[in-house]
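Asker: sequence and predicted structure below; questions after.
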Amino acid sequence: LRLLTLSKTNLETAHEENREFFKKQEEQREEQFLETVQETEKKHAELRKELEEMLQAQMKMSSAMKDENKRLILKLEEKKENHRSEKTKWREQLSELASALEVTRKQHNEVTTEKENISHINDELAGKVKFLKRENKKSLKMIYNLLKKQKNLMQDRQTLCHELESLQRSQTAGTPLQRYSQEAGNISANEQGSGADTSCNVKQSNVEINNEDESL
């Protein structure tokens with residue numbers, strides 16, 4: 001009986017100890033769970049705060065990007081309008097340049113045609129000048145030959161005049177009638193001789209001038 005009593009007591013003691021152990025273990029688990037829950041809630045609050053801050057920053061960035069996009073769109077529209085106006089201006093300038101080029105081409109064609117006409121006229125004038133030079137040389141040669149013949153004739157006439165004077169001087173001792181006829185002949189011969197000399201001198205000078213022209 002005593003042993004049974006001791007065994008019962010020991011069993012109750014062991015049972016009480018086990019209950020206390022499990023109770024403490026359960027309390028420790030509850031404390032750990034509470035700590036875990038509190039830590040999780042704390043982390044969740046921090047994460048939520050970070051997410052809210054990130055969301056606000058994202059919203060600010062999105063608003064800034066919208067404003068920037070609006071500004072860029074307005075600037076792009078302005079650039080397009082400027083490009084349209086410049087393109088219109090360039091087309092007008094291109095049309096003006098094309099018109100000016102066409103006018104220049106026409107003027108060039110006219111100048112080329114005029115130049116060809118002038119060249120043709122110059123060729124004709126050059127041919128006429130050559131022809132006139134040849135005719136002039138022929139005329140000068142004919143004049144020179146005529147003056148040369150005239151000079152020879154005048155020299156022959158002057159020689160005959162001198163011979164006539166010599167004959168008249170040799171006959172000065174004849175009759176009074178002969179003297180009278182001789183004197184009249186001398187006067188006529190002198191007049192003709194003086195005219196012949198003057199004419200001969202003039203013609204000789206002309207011949208000398210024409211000789212110089214012919215040599216040139």
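Answerer: Sure thing, it's come through.
Asker: what strand or helix carries Arg71?
Answerer: In this structure, Arg71 sits in helix 2-170 according to DSSP states H and E.
Asker: so what secondary structure elements neighbour that helix?
Answerer: helix 176-215 (3 or more C-beta pairs under 8 Å, 6 or more residues apart in numbering; DSSP states H and E). For every residue, glycine as well, the C-beta is placed using N, CA and C.
Asker: which stretches of this structure have low pLDDT?
Answerer: Scanning the chain for pLDDT under 70 picks out 1-11, 172-216.
Asker: same thing but 50
Answerer: Residue ranges of the chain with pLDDT under 50: 173, 175-180, 184, 187-216.
Asker: for Leu51, give its distance to Asn122.
Answerer: 99 Å (C-beta to C-beta, to the nearest Å).
Asker: equivalent analysis for Glu53, please.
Answerer: Distance from Glu53 to Asn122, by C-beta to C-beta: 97 Å.
Asker: now Leu97
Answerer: 36 Å.
Asker: got it, and Glu46?
Answerer: From Glu46 to Asn122 the distance is 106 Å (C-beta to C-beta).
Asker: what's the answer for Glu50, then?
Answerer: For Glu50, the distance to Asn122 - C-beta to C-beta - is 100 Å.
Asker: same question for His108.
Answerer: In terms of C-beta to C-beta, His108 sits 20 Å off from Asn122.
Asker: what do you get for Leu72?
Answerer: On the measure of C-beta to C-beta, Leu72 and Asn122 end up 70 Å apart.
Asker: for burial, what's the neighbour tally of Met154?
Answerer: Residues contacting Met154 under the criterion other C-beta atoms under 10 Å number 19.
Asker: no more questions from me, cheers.
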